[in-house]
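Visitor: Dropping the sequence and predicted coords here.
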Amino acid sequence: MDSENFREKFNQHLLHPWGDLSTIGEDDHSSVIVKGDGVYIFDAEGNRLLDGPAGMWCMQTGYGRREIADAVAEQIMNLSYATSFSVINNREVQLAQRIAEQTPGDLNRIFFTTGGSTSVDSALRLCQLASNIQGKPHRKHILTREKAYHGSTFLSASVTGKERDKSAMDTIKEGIHFLSAPCHFYHPEFATEEAFCDFLIEELEQKILDVGADNIMCFIAEPILASGGVIVPPANYNQRCWQTVKKHGITYIADEVVTGFGRLGHWFASEAVFGVVPDMIIFAKGVTSGYIPMGGYAVSETFLASFSGDNADGCLYSNGYTWGGSPVACAAALTSWDIIERENLLSHVHQIGPYFQQQLRTLKDIPLVGDVRGQGLMAAVEMTIEGRNEEDLLAKDYAIGDMVDQHCQQLGLLVRPFINICIISPPLIITRQQVDELVSTLRLGLELTLKDLREQGIWID
């Protein structure tokens, strides 16, 4: 196959997510991917790349799973579609039961959507509906965090705090409150992580006091802030946040779009890893191992009961999607679930995760690397370089990210550059040998980037 031909047609016809509008139609280097197998993807020339980001945090069981393909094909021939607006299909029931059996507390009611953004949007709309039915239309304020990512729909984008995504797109400003990102690396003024955690909880308490607890609809949080740079909060931070908001009667939403379905070695991480029993858990991505788009949320029966049944005031939850609860997507999810169980992939993550994190931390001896952080099979390598001002620094950060990305692709590794951060979250099936391959290739990519910066006079030892 000819990459140049595909790239030419791409430049003529496609607009990709987060596309740089100033260079639209000018892509001259992105890999054209045509095949996947295990933890690897292959470009149009047949070059093999280890898929560091697992697609987009989603290829839990890896590429080329015949079992999932066969299940999807069989489901398409048996029942390709069923609308959740008026009928029930057996596959959505089976999947909902499995999910409910793994969620903490009484989060037994499942709502299916098409992906992470629509799941966040749907969960927030349910909370808005609850406030209205309960006679508290003023209770609409939302607490979220800087560097959080919750989606691209209008509502989910509004609660996203990735401040360095340069965009002129509209978001809701009124009633959205951003708390500090729980990353000690960005706050060296605190001598210890414990002191930083105390500050964060005091900030949360003060924000609740300022806004008024009865005005706050919910607090939404990723257990680990994923797309914002794999920010692992201080120990006990998540649990203390949960205890704080519940003390004030505020709904707690855990966005487990990334941390769910095995990335931290559990079906869901909220309670198992962080000691939190949310009112809602949002999921997507890994639920189908990335084979078919799907998302959803699990909601507490206690929370739901406060505005349903005799408390519903005759209202409908008028929110849904054409492909919500798709039997084909559910078939993919059920089969992926079977593979995860049969191959003991949750246990594998517990075994390989510490080695993955340990090996990545060896990169800290490279002068360009400022921080390496992560947990389970999600990690970030952050590069640091001084700039004359914020605009100059941002330009250099983007350049460094692009350099590392291009070097790594040429060496056989796909990373996900987020400005000056390399995000790594490989398929759950990765082996120790493949971890070594990933880390050694990333090391060489970083060293080549540092060499380029020295030659350009940007980096001076």
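Guide: Thanks, I have it.

Visitor: Tell me which helix or strand comes right after the helix or strand bottoming out on mean pLDDT in the chain.
Guide: Every helix and strand of the chain was ranked by mean pLDDT, DSSP states H and E. The lowest is helix 390-411, at a mean of 78. Counting by DSSP states H and E, the next helix or strand C-terminal to helix 390-411 is strand 413-414.

Visitor: Tell me who's in contact with the most centrally placed residue in the chain.
Guide: The centroid of the chain falls nearest to V258 when counting by CA atoms, centre = their mean (3.8 Å). Contacts for V258 (CB atoms under 8 Å, 6 or more residues apart in numbering) come out as W57, E222, I224, A226, S227, K285, G286, M378, S425. C-beta coordinates here come from the backbone N, C-alpha and C atoms, glycine included.

Visitor: Go through those residues and flag which are in helices.
Guide: Among the contacts of V258, DSSP state H puts W57 in helices.

Visitor: top of the contacts of V258 by neighbour count?
Guide: Within the contacts of V258, most neighbours by other CB atoms under 10 Å means G286, with 30 neighbours.

Visitor: which non-adjacent residue is nearest it?
Guide: Once flanking residues are discounted, G286 sits nearest to F261: 3.4 Å by CB to CB, 6 or more residues apart in numbering.

Visitor: Share the number of residues neighbouring that neighbour, please.
Guide: Neighbours around F261, by other CB under 10 Å: 32.

Visitor: Where does it sit: helix, strand or coil?
Guide: Secondary structure for F261, judged by DSSP: H, G, I helix; E, B strand; the rest coil, is coil.

Visitor: related to what we said a few turns ago, between the contacts of V258, which sits nearest I250?
Guide: E222 (17.2 Å; CB to CB).

Visitor: how much space between the closest residue to the closest one other than its chain neighbours and V245?
Guide: Taking CB to CB, 6+ apart, and ignoring the residues beside it in sequence, E222 has D255 as its nearest neighbour in space, at 4.6 Å. D255 sits at a distance of 14 Å from V245 (criterion: CB to CB, to the nearest Å).

Visitor: more neighbours, these two?
Guide: Ranked by neighbour count (other CB under 10 Å), D255 and V245 place D255 first, with 32 against 24.

Visitor: next one: phi and psi at the residue nearest to E222?
Guide: phi -90, psi 100 (degrees, to the nearest 10).

Visitor: so who does it touch?
Guide: D255 neighbours (CB under 8 Å, 6+ apart): G116, V120, A148, H150, I220, A221, E222, I282.

Visitor: Work out for me the element I253 sits within.
Guide: Secondary structure (DSSP H and E) places I253 in strand 251-255.

Visitor: For that strand, C-alpha coordinates in PDB please.
Guide: Output in PDB follows, covering the C-alpha atoms of strand 251-255 (Å, rounded to 0.1, in the frame of the first residue of the first chain):
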ATOM      1  CA  THR A 251     -23.700  13.800  44.400                       C
ATOM      2  CA  TYR A 252     -20.300  12.100  43.600                       C
ATOM      3  CA  ILE A 253     -19.700  11.000  40.000                       C
ATOM      4  CA  ALA A 254     -16.600   8.800  39.300                       C
ATOM      5  CA  ASP A 255     -15.500   9.100  35.600                       C
END
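
Visitor: Roughly how far does the closest residue to T431 other than its chain neighbours sit from L377?
Guide: Nearest residue to T431, sequence neighbours excluded (CB to CB, 6+ apart): I352, at 7.4 Å. I352 sits 7 Å away from L377, going by CB to CB.

Visitor: returning to that earlier point: buried stuff in the helix or strand harbouring the residue nearest to T431?
Guide: Under the criterion of DSSP H and E, I352 resides in helix 345-360. Within helix 345-360, the residues scored as buried using 16 or more other CB atoms under 10 Å are L345, L346, H348, V349, I352, G353, F356, Q357, Q359, L360.

Visitor: Would you check that the fifth one makes contact with R432?
Guide: Yes: under the criterion of CB atoms under 8 Å, I352 makes contact with R432 at 6.7 Å.

Visitor: Flag the shaky bits of the chain, pLDDT-wise.
Guide: 1, 163-166, 386-396 (pLDDT under 70).

Visitor: Touching, I423 and A380? I think so.
Guide: Yes: at 5.4 Å, I423 counts as touching A380 under the criterion of CB under 8 Å.

Visitor: Name the residues contacting each of these two.
Guide: Going by CB under 8 Å, 6+ apart, residues that sit against I423 and also against A380 are G229, V230.

Visitor: so the nearest residue in space to N236 that is not next to it in sequence is in which element?
Guide: Among residues not flanking N236 along the chain, C197 sits closest, at 6.5 Å (CB to CB, 6+ apart). Element membership for C197 (DSSP H and E) is helix 193-211.

Visitor: For D371, see how far away the residue nearest to the centre of the chain is.
Guide: From V258 over to D371 the distance is 19 Å, taken as CB to CB.

Visitor: Mind listing residues that contact the longest helix along the chain?
Guide: The longest helix of the chain (DSSP H) is helix 432-455. Contact with helix 432-455 is made by 39, 50, 52, 352, 355-356, 359-360, 362-363, 366-369, 381, 383, 385, 400, 403-404, 407-408, 411-413, 415, 422, 424, 426, 430, 459-461, as judged by CB under 8 Å, 6+ apart.

Visitor: and those residues, which are buried?
Guide: For the contacts of helix 432-455, buried by 16+ other CB under 10 Å: 39, 50, 52, 352, 356, 359-360, 363, 366-369, 381, 383, 385, 400, 403-404, 407-408, 411-413, 415, 422, 424, 426, 430, 459.

Visitor: Tell me who's in contact with the closest residue to F190 other than its chain neighbours.
Guide: Leaving aside its chain neighbours, F190 sits nearest to F196 (3.9 Å; criterion: CB to CB, 6+ apart). The neighbours of F196, taking CB under 8 Å, 6+ apart as the test, are P182, H184, H187, F190, P234.

Visitor: if you set the cut-off to 10 Å instead, what comes out?
Guide: With contacts defined as CB atoms under 10 Å, 6 or more residues apart in numbering, F196 is in contact with 180, 182-190, 233-234, 237.

Visitor: For V273, see how far away it is.
Guide: For F196, the distance to V273 - CB to CB - is 20 Å.

Visitor: cool, and Y40?
Guide: 29 Å.

Visitor: now the strands for the stretch 1-150 of the chain?
Guide: 33-37, 40-43, 48-51, 109-113, 141-145 (DSSP state E, counting those that start in this stretch).
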